[in-house]
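**Student:** structure for this input, please:
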Amino acid sequence: MRQHPSRRLHRLLAIPAVALTVLLAGALLAERGHASPPDLAPVLVIATEDGPDWVWPLERFRLEREFVAPPHRYGPGHRGIDLRPLDDAGVRTPAAGTVAFAGQVAGRGILTIDHGDGLVTTFEPIVTDLRPGTPVARSDAVGEVGLGGHASPGSLHFGVRLHGEYVNPLLMLGGVPRAVLLPCC
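**Tutor:** Numbers count the residues shown, from 1 in each chain. Sure thing, here's the model as predicted:
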């Protein structure tokens, strides 16, 4: 049975609001000395003032496509953000880590960086000389925007996973839009 489109939209919009509420509650508990669930710890480190700052993977860009959380693990969605460079297409790492994968997948360049604590970033399409095991520092140049993939030509897809689950990259970059409550029914 298919859901009414407005009901499906409400459910999709509720996911980021619930996630943000859980993050804020966990941060408040952690600040007051309460233990937070271990799977939230990496997000809380980044989301709090005491955590490391992430930088955008491009210096000047236009956000072309936003993150859309899938309704379930294998459902449709957009598991990252697409950025259109406004100047040179130099890509930089948002935080320190280690290259986990660099190579071609289905004809497009992919770069995956493991930041530890279950956080992994992926860039595509990208042209890079880096090899797995290479350490990278925050804001290091890691390659240039390539061609191919599902992003529009000339754009960079930037995805973030936490313990294998895709999360909105804006959570790490401080750009989470304000939650808006919609009328019910």
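**Student:** wait, residue 116 touches residue 135, no?
**Tutor:** No. Applying CB atoms under 8 Å, one finds residue 116 not in contact with residue 135, separated by 11.3 Å. For the C-beta atoms, the positions are set from N, CA and C on the backbone; glycine is no exception.
**Student:** show me what the helix or strand residue 63 falls within is packed against.
**Tutor:** Residue 63 belongs to strand 61-65 when assigned by DSSP states H and E. For strand 61-65, the packing partners by 3 or more CB pairs under 8 Å, 6 or more residues apart in numbering; DSSP states H and E come out as strand 81-85.
**Student:** other residues contacting the strand holding residue 63?
**Tutor:** 78, 81-86, 151-152, 155-156 (CB atoms under 8 Å, 6 or more residues apart in numbering).
**Student:** likewise stretch 78-86?
**Tutor:** 56-58, 60-68, 70, 122, 145, 151-152, 154-160, 166, 168-170.
**Student:** pull out the buried residues from these.
**Tutor:** 56-58, 61, 65, 67-68, 122, 145, 151, 155-160, 166, 168-170 (16 or more other CB atoms under 10 Å).
**Student:** the helices in this structure, which residues?
**Tutor:** Taking DSSP state H to define them, one finds helices in the chain at 5-31, 41-47, 170-173.
**Student:** mean pLDDT lowest where, among those?
**Tutor:** Of all the helices of the chain, the minimum mean pLDDT falls on helix 41-47 (a mean of 29).
**Student:** low-confidence stretches in the chain?
**Tutor:** Scanning the chain for pLDDT under 70 picks out the ranges 1-52, 175-182, 185.
**Student:** let's see 80
**Tutor:** The chain contains residues with pLDDT under 80 at 1-53, 73, 77, 89, 174-185.
**Student:** and the gap between the closest residue to residue 82 other than its chain neighbours and residue 80?
**Tutor:** Distances taken as CB to CB, 6 or more residues apart in numbering put residue 65 closest to residue 82, at 3.9 Å, once the chain neighbours are dropped. Between residue 65 and residue 80 the computed distance is 9 Å (CB to CB, to the nearest Å).
**Student:** of all the contacts of strand 61-65, which two lie farthest apart?
**Tutor:** With CB to CB as the measure, no two of these lie farther apart than 78 and 86, at 21.1 Å.
**Student:** neighbour count winner among these two?
**Tutor:** Comparing residue 78 with residue 86 by other CB atoms under 10 Å, the one with more neighbours is residue 78, at 17 against 11.
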